[in-house]
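Enquirer: Show me how the following folds:
(2 chains)
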There are 2 protein chains.
Amino acid sequence: MSKNAVIAGAGLVGSLWAALLAKRGYQVDVFERRPDPRERGYIGGRSINLALSHRGWEALEKAGARETLEKIAIPMYGRMMHSVAGELTFQAYGTEGQAIYSVSRGQLNMELIALADKSDKVRFHFEQSCRRLDVESHSAWVENHATGEAYWTTCPLLFGADGAFSAVRNSLMKTPRFNYRQDYLDYAYKELSIPAGANSTHLIDKNALHIWPRGNFMLIALPNIDGSFTCTLFLPFEGNISFEQLHTDDQIQAFFQHWFPDVVPLIPDLVSDFHQNPTSALVTVRCSPWNYQDWALLIGDAAHAIVPFYGQGMNCGFEDCSVLDEMMDTYQEDWAAILSVFGQERVKDGNAIADLALRNFIEMRDLVADPVFLLRKKIEAHLHEKYPAAFLPVYSMVTFSSIPYSQAQKESVEQDALLKAILQLEGIEQNWPNDPRIDELFGQWLENKKA
Amino acid sequence: MSKNAVIAGAGLVGSLWAALLAKRGYQVDVFERRPDPRERGYIGGRSINLALSHRGWEALEKAGARETLEKIAIPMYGRMMHSVAGELTFQAYGTEGQAIYSVSRGQLNMELIALADKSDKVRFHFEQSCRRLDVESHSAWVENHATGEAYWTTCPLLFGADGAFSAVRNSLMKTPRFNYRQDYLDYAYKELSIPAGANSTHLIDKNALHIWPRGNFMLIALPNIDGSFTCTLFLPFEGNISFEQLHTDDQIQAFFQHWFPDVVPLIPDLVSDFHQNPTSALVTVRCSPWNYQDWALLIGDAAHAIVPFYGQGMNCGFEDCSVLDEMMDTYQEDWAAILSVFGQERVKDGNAIADLALRNFIEMRDLVADPVFLLRKKIEAHLHEKYPAAFLPVYSMVTFSSIPYSQAQKESVEQDALLKAILQLEGIEQNWPNDPRIDELFGQWLENKKA
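Expert: Next comes the predicted model:
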């Protein structure tokens, strides 16, 4: 087979995958609807800041991009919860030194494009997009948005990395036996910004992911290297407390003053940002299979767009690249085998992280303000310290390991049962650091799991 | 508001809806991709014969089409099961005289087009299809397949009745907050034909729906007025007994000889039909909402394509038209209200019949050959006879009433529990016609339901 591939989309996953394929000696053509962000500047607008974690770093390491990216990433060691009264509570994500890393989508994307572009095997075609496929002739219809021209191009091997609203996937949807679903939340999000203080200092703790949990809505903030924070408000579209209730300057000001009083002085352009930035929807996309025969494969958000609440969307997409890279060894670059196995087997991991991310929304917006939940987190950390081999909290599995998402999801059901039993013990809130009943319950739980 | 409407699709639901709208004084333009079936003949090929039941007839009655269509419909009073040994078992669908009616999709479609076309308010545009929408300007992009021309047309009010693979829906899918899913079965179907006997006689019982249930696959046959039967084989795509195992003439012949020996002499062109007719997939489509604001509405398969095993696909689509017609009175033709209420409220009924149809596949291919299941059906009929007001079998609710599908689905869970309890009674297979324990269980069940 010729070593040629086409990638639709030069977003995060498309450009990383181009770099990895080029390393393997493939000639890669990448088509991207938008202009080259290195020339024209990245058009962000409605991008939540991203949190790189273990799976993401592993893939970047494979591509030799770790060192460069560490320079633009800020470690966040835990969640910092802000109560309405302005009290702060910190909850570590993992053990000491473990962190997730805040990066700007735009910067990361430009670095990855530059990385792939270093290879003379990668050709980027900006302002050109694969609009639809002819699966019979293995061709893609490419439109050049700069010139208005359009043409069919034959793709020996096609990767659809064209995001949550993938045109490649839209074509595959019309082929028989392609299962698909898209589900929107009744919530929307809107980006706001806390500018840097004097001398590019961060006005709130730089090394934490800030959350203002308010039950069925929340505000979050992630640090940027220039001293600013990117904030995101998640709020229902409709209802008593919702975007549809926030129209006038006064309504917006009053809403923030009431629910997020400590934030108001930090966002000088609050009202104008609120009006100007779009109110965007949150979608989960699931499909199966991800491959079309031995020809095309969906990766990244095109295969599995998820809600952002576990910080795993990009990490899952990057892990797609790691897994494929490893399969190139396992199957000796037999793409028929790789596409078929990946396209059918990895779906369960995509579905698992989709479910986990939906569930984590409730955790972030509501539970993190609940003392029982915080106690649970402490007991989880305690169990992990005491039984490091036998107990790894699900959050750590997802964030600090490469354990398949589907396995983490299975484990989450089991850990829920264990922690529920522990939290029902009388006096547990005082006794947990030295309570033999915990060890007893844990022993039983472990035995049941093995049985 | 002007009395103008556009309908995408002149299939069964599109043409019936055109007739009903015209009766209300609306000027209707109907765009249909295919040529006029009245001129060129209906291109069938992979259409399962249809079974008209109560909901369908009700809608046809509203349009004044009942009498004409009764002439081309054949009543089927029950299922006729064929065992491998050729033994026949009959199971009535309802009470005496109740039937579902076999019609040819092609004939029915032509009659409905002719009906709508009688009104000078309806204009059919054949070989022209709405390919995509511009929801902002309320326009549809229409392609004329005869001339190659294409143009934007403004639609004051748009109904997408363009089937399971609806282009209208495909455009709405790209609007925010449109939930969608398509799920394929691992089964395919293929049409075959039992020709008429001498003098257009039917070679097997004309007034039954014939089933050859074989566990995880089946053959069915529905009568046509010319004496022939349209047969459909439902079989897994892959596996031990599957379409992928049937390639050579010998394999096909041996398969039918082994599993359907009584059918072989009735299908003279078995092998050539098998090769020639397509192997088609079975999809369930669910989406929500069915409306786009106050402008567009999906109806029929475009909104709710379901598998054919409850015989309700068309009936549900026709019922869409009845419900809308009644809402025109209720809401005094306020289309903003009608679209919003219908587009959000009727979704649960579409989802319910989708679930019920999937479940009925197991009933048809497997359970109808099970003596316990047939006993259950007898006890259901017995209960209905004894307590007509309090007990209506779910099959009758769906088939012989207009009780909302969602209510029938809820009832099915409750009836399952009752019948399970009854079937566990010792000696029930002999005692059921006069067993006081049945009445006792039924009394309790009814009380629990009311509580």
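
Enquirer: burial count for the closest residue to chain B within the stretch 151-300 of chain A?
Expert: Proximity of the stretch 151-300 of chain A to chain B (Cβ to the nearest Cβ) peaks at A:R181, 3.4 Å away. Placement of C-beta: from N, CA and C, glycine included. Residues near A:R181, counting by other Cβ atoms under 10 Å in any protein chain shown, number 16.

Enquirer: go on, A:A254?
Expert: 12.

Enquirer: A strand includes it, no?
Expert: No. Under DSSP: H, G, I helix; E, B strand; the rest coil, A:A254 sits outside any strand and is assigned helix.

Enquirer: What are the neighbouring residues in contact with the spatially closest residue to A:E58 that is not a sequence neighbour?
Expert: Nearest-residue entry for A:E58: A:S322, 5.6 Å, with adjacent residues in sequence omitted and distances by Cβ to Cβ, 6 or more residues apart in numbering or on different chains. A:S322 makes contact with A:55, A:58-59, A:62, A:402 under the criterion Cβ atoms under 8 Å, 6 or more residues apart in numbering or on different chains.

Enquirer: Next up, the contacts around A:M364.
Expert: A:M364 neighbours (Cβ under 8 Å, 6+ apart): A:211, A:213, A:218, A:220, A:309.

Enquirer: Select from the contacts of A:S322 the one having the most neighbours.
Expert: Those, ranked by neighbours (other Cβ under 10 Å): first place A:A59, 28 neighbours.

Enquirer: That one and B:L115: what is the separation?
Expert: Using Cβ to Cβ, to the nearest Å, one gets 61 Å for the distance from A:A59 to B:L115.

Enquirer: ok, now A:V368?
Expert: 62 Å.

Enquirer: partner residues bridging the residue of the stretch 151-300 of chain A closest to chain B?
Expert: Judged by DSSP bridges, the bridge partners of A:R181 are A:R286, B:R181.

Enquirer: Hmm, it is touching A:V283, no?
Expert: No. Contact criterion Cβ atoms under 8 Å: A:R181 and A:V283 do not qualify, at 10.2 Å.

Enquirer: Give me the pLDDT value at A:L185.
Expert: The confidence metric pLDDT takes the value 96 at A:L185.

Enquirer: What backbone torsions are found at it?
Expert: phi -80, psi 160 (degrees, to the nearest 10).

Enquirer: List the contacts of the residue nearest to it when sequence neighbours are not counted.
Expert: In this structure, A:L185 finds its nearest non-sequential neighbour in A:L282, 4.4 Å apart by Cβ to Cβ, 6+ apart. Applying Cβ under 8 Å, 6+ apart to A:L282 gives the contacts A:184-185, A:187-189, A:234, A:307-308.

Enquirer: what's the spacing between A:L282 and B:R286?
Expert: Separation of A:L282 from B:R286 (Cβ to Cβ) stands at 20 Å.

Enquirer: ok, now A:G300?
Expert: 26 Å.

Enquirer: of those two, who's got more company?
Expert: Using other Cβ under 10 Å as the criterion, A:G300 and B:R286 rank with A:G300 on top: 29 against 19.

Enquirer: That one contacts A:E319, correct?
Expert: No. The pair A:G300 / A:E319 is not scored as a contact, 10.0 Å apart, by Cβ under 8 Å.

Enquirer: thinking again about what came up before, mind listing what the residue of the stretch 151-300 of chain A closest to chain B touches?
Expert: Shown in contact with A:R181 (Cβ under 8 Å, 6+ apart): A:285-287, B:179-183.

Enquirer: A:V368 and B:L115 - which one has more neighbours?
Expert: Using other Cβ under 10 Å, the more surrounded residue of A:V368 and B:L115 is B:L115, with 22 against 18.

Enquirer: list the contacts for the more buried one?
Expert: For B:L115, counting by Cβ under 8 Å, 6+ apart, the contacting residues are B:15-16, B:19, B:63-65, B:68.

Enquirer: from those, which single one is nearest B:S406?
Expert: Set against B:S406, the nearest of the contacts of B:L115 by Cβ to Cβ is B:L16 (22.7 Å).

Enquirer: circling back to that earlier point, nearest to chain A among the contacts of B:L115?
Expert: For those, the nearest to chain A is B:S15 (24.8 Å; Cβ to the nearest Cβ).

Enquirer: Looks like the closest one contacts B:M110 (just checking).
Expert: No. B:S15 lies out of contact with B:M110 (Cβ under 8 Å); the separation is 9.1 Å.

Enquirer: what about those two, which has more around it?
Expert: B:S15 (28 against 18).

Enquirer: Would you mind measuring from that one to B:G160?
Expert: Note on B:S15: its distance to B:G160, by Cβ to Cβ, is 14 Å.

Enquirer: so which strand or helix has the nearest residue to A:H82 once chain neighbours are set aside?
Expert: Nearest residue to A:H82, sequence neighbours excluded (Cβ to Cβ, 6+ apart): A:W212, at 4.6 Å. Using DSSP states H and E, A:W212 sits in strand A:209-213.

Enquirer: Could you point out the helix or strand that follows that strand?
Expert: Using DSSP H and E, the next helix or strand after strand A:209-213 towards the C-terminus is strand A:218-223.

Enquirer: Between strand A:209-213 and that next one, find me the angle.
Expert: Here the directions of strand A:218-223 and strand A:209-213 differ by 170 degrees (axes from the mean of the first three to the mean of the last three Cα atoms, to 10 degrees).

Enquirer: Quick one: residues in contact with strand A:218-223.
Expert: Strand A:218-223 is contacted from outside by A:48-49, A:51, A:74, A:76, A:102, A:194, A:202, A:204, A:206-207, A:209-212, A:229-234, A:260, A:263, A:364-365, using Cβ under 8 Å, 6+ apart.
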